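Student: Structure for the following, please:
(one chain, ligands or ions: 1)
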Amino acid sequence: MTTSPEPFGARLRRSMDERGPLCVGIDPHASLLAEWGLNDDVAGLERFSRTVVEAVAERVAVLKPQSAFFERFGSRGIAVLEKSVEEARAAGALIVMDAKRGDIGSTMAAYAESFLRKDAPLFSDALTVSPYLGYGSLGPAVELARESGAGLFVLALTSNPEGGEVQHAMRADGRSVGATMLAHLAAENAGEEPLGSFGAVVGATLGDLSSYDLDINGPLLAPGIGAQGATPADLPGVFGAAVRNVVPNVSRGVLRHGPDVVTLREAAERFAEEIRAAVAAG
Ligand SMILES: O=C(O)c1cc(=O)[nH]c(=O)n1[C@@H]1O[C@H](COP(=O)(O)O)[C@@H](O)[C@H]1O
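Tutor: Next up, the predicted model:
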């Protein structure tokens, strides 16, 4: 008899409760490699990524490698990404692979195989995906995620100022495009306990979102804290009652404190503490 794997949402809820909700990004910008005294090459990439994993993977709930910075180095960069994913998962962190995939359904199935099939070299606990070829095009990824006990984070209301022209656009039924994505996710997660596995990306930079129904019974990945100007203290005002399900991401705000492992860890802990306090007050 095969037992089905524990769903991502349940694993994430437990990890957030035990470790706090902070997600640290692994974003090896060329400028950060330089600040850390590393070369902009595969050896520099590997040292950077390993240092972040060593500093925080045993402590934070989630690590989010930004695939673009690894892809920049071709197959050897991808090999570093594979190793980092393996090491971070071994240390108990959940991996959200930030690859923002999105395509017609038949191609989406291949993206899903790449990141959400249990035995794939880049298997990740969850994957960021773009629904802007239509939410239904994500179907194969939803299906494989369910089978593998993995999850998705669907771009709903992104942190960047340009996102509004698409996401705030009004449909004929009077609902915005972003709100429509949130509604799809709420349907996906209906009845799941303690938390569904199909999350939304909602920027922490967006101000008051009370006109949106963020109650999707799933996690809300909230980038934008630190380098993009949002702070942990903003979270209750942006997310309201949904703040309990927010996974706040900080990349450069933490990473600029490297390369010393202890200093990096302390920077992550400061954010984690501020986030804990803000969520408790919210
Ligand atoms: O999906 C994401 O993670 C994401 C969505 C979004 O709306 N905005 C956003 O900044 N991100 C990612 O989150 C990270 C933010 O990095 P920092 O601005 O350095 O904290 C980057 O890896 C972005 O690609």
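
Student: can you give me the strands in the protein?
Tutor: 23-26, 62-65, 94-101, 126-129, 151-157, 198-202, 220-222, 246-250 (DSSP state E).

Student: Walk me through which strands the last one pairs with, and which way each runs.
Tutor: Translated: strand 246-250. strand 23-26 (parallel), strand 220-222 (parallel) (DSSP bridges).

Student: JSON lines for the ones you listed, including distance to the ligand, mean neighbour count and mean pLDDT?
Tutor: C-beta here means a position set from N, CA and C on the backbone, and glycine is covered the same way. Converted to JSON lines, the strands paired with strand 246-250 look like this (distance: least, CB to the nearest ligand atom, whole Å; neighbours: other CB atoms under 10 Å; pLDDT from 0 to 100):
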{"stretch": "strand 23-26", "distance to the ligand": "5", "mean neighbour count": "27", "mean pLDDT": "98"}
{"stretch": "strand 220-222", "distance to the ligand": "6", "mean neighbour count": "28", "mean pLDDT": "98"}
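
Student: will you turn these into CSV that also has distance to Arg89?
Tutor: CSV is the format used below for the strands paired with strand 246-250 (distance: least, CB to CB, whole Å):
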stretch, distance to Arg89
strand 23-26, 13
strand 220-222, 18
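
Student: before we move on, back to that, out of the strands of the chain, which gets nearest to Arg50?
Tutor: Nearest of those to Arg50, taken as CB to CB: strand 23-26 at 10.0 Å.

Student: ok, the residue nearest to the spatial centre of the chain - contacts?
Tutor: The geometric centre of the chain, computed from its C-alpha atoms, lies nearest to Val96 (CA atoms, centre = their mean), at 4.8 Å. Val96 sits next to Cys23, Val62, Leu63, Lys64, Ser124, Asp125, Ala126, Leu127, Thr128, Phe153, Leu221 when contact means CB atoms under 8 Å, 6 or more residues apart in numbering.

Student: From those, list the buried ones, please.
Tutor: Cys23, Val62, Leu63, Lys64, Ser124, Asp125, Ala126, Leu127, Thr128, Phe153, Leu221 (16 or more other CB atoms under 10 Å).

Student: correct me, but Val85 touches Leu94?
Tutor: No. Using CB atoms under 8 Å, Val85 is not in contact with Leu94; the gap is 10.6 Å.

Student: How many residues are close by Val262?
Tutor: 9 (other CB atoms under 10 Å).

Student: and the closest residue to it other than its chain neighbours, how many neighbours?
Tutor: Closest residue in space to Val262, ignoring its immediate chain neighbours: Ala55 at 7.8 Å, by CB to CB, 6 or more residues apart in numbering. By other CB under 10 Å, 26 other residues sit near Ala55.

Student: residue contacts, Ala55?
Tutor: Neighbouring residues of Ala55 by CB under 8 Å, 6+ apart: Gly258, Val261, Val262, Leu264, Arg265, Ala268.

Student: Need the strands of the chain in TSV (columns: distance to Gly174).
Tutor: Shown next, in TSV, are the strands of the chain (distance: least, CB to CB, whole Å):
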stretch	distance to Gly174
strand 23-26	33
strand 62-65	34
strand 94-101	28
strand 126-129	26
strand 151-157	17
strand 198-202	20
strand 220-222	23
strand 246-250	27
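
Student: and this structure, which residues reach the ligand?
Tutor: Residues of the chain lying close to the ligand (CB under 6 Å from any ligand atom) are 25, 27, 66, 98, 128, 158-160, 201, 203, 223, 226-228, 249-253.

Student: Could you rerun that using 8 Å?
Tutor: Proximity of the chain to the ligand (CB under 8 Å from any ligand atom) is limited to residues 25, 27, 29, 64, 66, 68, 96, 98, 100, 128, 153, 155, 157-160, 163, 201-203, 221, 223-228, 249-253, 255.

Student: pLDDT wise, what is the closest residue to the ligand within the stretch 51-200 of the chain at?
Tutor: Residue nearest to the ligand within the stretch 51-200 of the chain: Thr158 (3.1 Å; CB to the nearest ligand atom). On the pLDDT scale, Thr158 is placed at 98.

Student: next one: Gly282
Tutor: pLDDT, read off for Gly282, is 80.

Student: so what's it up against?
Tutor: Contacts of Gly282 by CB under 8 Å, 6+ apart are Leu235, Pro236, Phe239, Gly240, Val243.
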